[in-house]
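Q: below: sequence and its predicted model.
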Amino acid sequence: MSSSIAAIHVANKQLGLDDDTYRLKLQNITGKASTKDMSETERQKVLTVFRNEGFSSAPIERRADGRQKLKGRFAKKLQALWIAGWNLGIFHSREDSALETFVKRQTGVDAVRFCHDPVDGQKAIEALKAWIAREGKVDWDVTNRDRNSYMRAFGYKIARAQWAILCPGGLKDFWVVVTDLVDHDPLHRHLNDAEWVRVTNYFGDRIRKERRCRDGQ
């Protein structure tokens, strides 16, 4: 068996394709349903398509505790949304396993690392965004042209919703606290992604602590 045929078989397994879907994809890409009938150029074309869909021949990455890291075209976006929901107090666990369970319920795939199909990925993303908007009062709207550009940032949207939980009275002192956390001038509004992560994690800790105190835990 050539190395390219072996790689295609690995990609098929990694992407979680059933046999009918696999054969149909080969047919659509090259006009042939079997790798044995393909030229090397055609097999490389198949591999290029599979790589674009999330296949990676790199060694499996694992966390410090040995768990496999989530992989896939939509993993980072889904993880960002899941952590945002956790920091808003919506989700009770930030573990990947909780996210995997959610994605399986929404898409039918076994784990986020197999969620390469745009339809499945977008379905899971939109379901998460809807849940976070409903329970966390996050305003995802970016169509209002009168809004300042910083208000379109993912981190700002989460932090603003968190502040509404912590201080329901309004935006008073919001920017004072935010800019103090990231060591900026109080008039500074344009934080980068890493700075917003620092802010939303801090607010998330406060939300969870306040709820534990309220619940007597």
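A: Thanks, I have the structure now.
Q: tell me the mean pLDDT over the helix ranked longest in the chain?
A: Ranked by number of residues, the top helix in the chain under DSSP state H is helix 193-214. Predicted confidence along helix 193-214 averages 93 (mean pLDDT).
Q: so which other helices or strands are in contact with it?
A: helix 75-87, helix 154-166, helix 174-181 (3 or more C-beta pairs under 8 Å, 6 or more residues apart in numbering; DSSP states H and E). Heads up, the C-betas are built off the backbone N, CA and C, glycines and all.
Q: burial count for residue 180?
A: Neighbours of residue 180 under the rule other C-beta atoms under 10 Å: 12.
Q: most distant residue from the centre of this protein?
A: The C-alpha centroid of the chain is most remote from residue 37, which lies 38.0 Å away (C-alpha atoms, centre = their mean).
Q: so for that residue, what's the pLDDT?
A: 91.
Q: how close does it get to residue 30?
A: Separation of residue 37 from residue 30 (C-beta to C-beta, to the nearest Å) stands at 9 Å.
Q: so where's this protein shaky on pLDDT?
A: Along the chain, the model assigns pLDDT under 70 to residues 1, 56-70, 110-115, 144-147, 216-217.
Q: can you give me the helices in it?
A: 3-15, 19-30, 40-52, 75-87, 96-107, 118-136, 154-166, 174-181, 193-214.
Q: in the longest one, what's buried?
A: When neighbours are counted by 16 or more other C-beta atoms under 10 Å, the buried residues of helix 193-214 are found to be 195-197, 199-200, 202-204, 207.
Q: cool, and the first one?
A: Residues of helix 3-15 classed as buried by neighbour count (16+ other C-beta under 10 Å): 4-5, 7-8, 11-12, 14-15.
Q: go on, the second one?
A: Under the neighbour-count criterion of 16+ other C-beta under 10 Å, helix 19-30 has 22, 25-26, 29-30 buried.
Q: so which of those comes closest to residue 97?
A: Using C-beta to C-beta, residue 22 is the member of the buried residues of helix 19-30 that sits closest to residue 97, with 27.7 Å.
Q: the closest one against residue 12, yeah?
A: Yes - here residue 22 reaches residue 12: they are 5.1 Å apart, a contact under C-beta atoms under 8 Å.
Q: just to revisit the earlier point, possible to save the buried residues of helix 19-30 as JSON lines with distance to residue 77?
A: Below are the buried residues of helix 19-30 laid out as JSON lines (distance: C-beta to C-beta, whole Å):
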{"residue": "22", "distance to residue 77": "26"}
{"residue": "25", "distance to residue 77": "24"}
{"residue": "26", "distance to residue 77": "29"}
{"residue": "29", "distance to residue 77": "26"}
{"residue": "30", "distance to residue 77": "31"}
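Q: from the residues you listed, which is closest to residue 127?
A: Distances from residue 127 to these, taken by C-beta to C-beta, are shortest for residue 25, at 25.9 Å.
Q: ok, now which ones touch the closest one?
A: For residue 25, the contacting residues are 17, 46, 49, by C-beta atoms under 8 Å, 6 or more residues apart in numbering.
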